[in-house]
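Peer 1: structural data only, the sequence is not supplied:
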């Protein structure tokens, strides 16, 4: 009981100071992070705070031993990547409050290392929406307003190697239609371009054809390109959120008859994964794929296309030459 009273006393004494620091940080950080990052930090810190509250220990500032216990507890049911993200959010919360970051402690580092050794660090791979799956989607989508939108969405996401947040934010004014049936798209800001320098991406004629079919049917000449559809076929005036994009991709793959195991791994990254896989199969190198997908390092595209890269690797080439 004494320890619990001490914790409450500390929280009361520091409450005003911490509250002021958080308010100051929130004002300074306005617009500095993507909405997805802000949502993740809020959700993660809420989970940590509730966990601490249930054990009657302080969440801010948190003792390193509390974070260790949190890691050990969460790693029983959560993926290592999720727990590591929780720790990053806890660190973010403490920096914002101007207090010592408990995740920098050696015992926290060891707890994460122990978790990784026990559970591994390899993340589940998202199912790639490849050319083959696109053909299945096209064959199974109805010739309705929703079907036109869905086919255009898949084609555009693949051509842009778009993240779900990027496609949700895409506006008509960012598209420049070419004279040869192709087009270019300006992404003003993205996850890896928070400064808003912008990137111009290419849309091939096949994608533009699907995209124009949707835009014409929906009567969209400005604003968000991809939107929800209300009952009665009324197109919303506002765009979709990122979560709705993921749901549509999963629904399309389900309708296309994708097997259950693959369907479980369809996500907002599936078009990026699938296009990276198709590019490797077509002979593109990692540098070119990094440029197309706006990756700063080769780690993620190499992970997405690891099977295709292995089939083109030194060992594979050695045995192909021996068989020749």
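Peer 2: Arrived safely. Only a predicted model underlies this, so the values are computations on that prediction, with no experimental measurement involved.
Peer 1: every contact and neighbour count from this point should use C-alpha atoms.
Peer 2: Noted.
Peer 1: what about this structure, any weak spots by pLDDT?
Peer 2: The chain contains residues with pLDDT under 70 at 1-35, 120-124, 189-197.
Peer 1: please compute how far the helix or strand hosting residue 288 lies from its chain's middle.
Peer 2: Residue 288 is part of helix 286-293 when elements are defined by DSSP states H and E. Centroid separation for helix 286-293 versus its chain: 18 Å, with CA atoms, centre = their mean, to the nearest Å.
Peer 1: over to stretch 248-257?
Peer 2: 19 Å.
Peer 1: could you give me the buried positions within that stretch?
Peer 2: Counting neighbours by 16 or more other CA atoms under 10 Å, one finds that the buried residues in stretch 248-257 are 248-250, 252-254, 256.
Peer 1: of these, closest to residue 51?
Peer 2: Closest approach between these and residue 51, by CA to CA: residue 250, at 31.8 Å.
Peer 1: residues contacting the nearest residue to residue 161 once chain neighbours are set aside?
Peer 2: Distance criterion CA to CA, 6 or more residues apart in numbering; nearest residue to residue 161, sequence neighbours excluded, is residue 272 at 4.5 Å. Counting by CA atoms under 8 Å, 6 or more residues apart in numbering, residue 272 touches 128-129, 157-158, 161-163, 293.
Peer 1: and with 7 Å instead?
Peer 2: Shown in contact with residue 272 (CA atoms under 7 Å, 6 or more residues apart in numbering): 158, 161-162.
Peer 1: quick check: it is in a strand.
Peer 2: No. Applying DSSP: H, G, I helix; E, B strand; the rest coil, one finds residue 272 to be helix, outside a strand.
Peer 1: what about the strands in this structure?
Peer 2: Per DSSP state E, the chain carries strands over the ranges 175-177, 183-187, 199-203, 227-230, 234-239.
Peer 1: what residues of the first one count as buried?
Peer 2: Put plainly, it is strand 175-177. For strand 175-177, the neighbour count (16+ other CA under 10 Å) marks residue 175 as buried.
Peer 1: how about the longest one?
Peer 2: Along strand 234-239, the positions that meet the burial threshold by neighbour count (16+ other CA under 10 Å) are 235, 239.
Peer 1: if we can go back for a sec, pull the most distant pair out of the buried residues of stretch 248-257.
Peer 2: 248 and 256 (12.2 Å).
Peer 1: hang on, the earlier thing: for the helix holding residue 288, packing partners?
Peer 2: Using 3 or more CA pairs under 7 Å, 6 or more residues apart in numbering; DSSP states H and E as the contact test, no helix or strand touches helix 286-293.
Peer 1: quick one, that helix and strand 199-203 angle?
Peer 2: In terms of direction (axes from the mean of the first three to the mean of the last three CA atoms, to 10 degrees), helix 286-293 departs from strand 199-203 by 100 degrees.
Peer 1: returning to that earlier point: out of the strands of the chain, nearest to residue 96?
Peer 2: Closest of the strands of the chain to residue 96 is strand 183-187, at 29.8 Å (criterion: CA to CA).
Peer 1: contacts for the closest one?
Peer 2: Residues outside strand 183-187 that contact it (CA under 7 Å, 6+ apart): 174-177, 198-204, 208.
Peer 1: out of these, who has the most neighbours?
Peer 2: Taking other CA atoms under 10 Å as the neighbour criterion, residue 203 ranks highest of the contacts of strand 183-187 with 25 neighbours.
Peer 1: which non-adjacent residue is nearest residue 292?
Peer 2: If the residues on either side of it in the chain are set aside, residue 292 comes closest to residue 161, at 7.1 Å by CA to CA, 6+ apart.
Peer 1: show me the contacts for that neighbour.
Peer 2: 271-272, 275, 293.
Peer 1: could you redo the last one with a cut-off of 8 Å?
Peer 2: 271-272, 275-276, 292-293.
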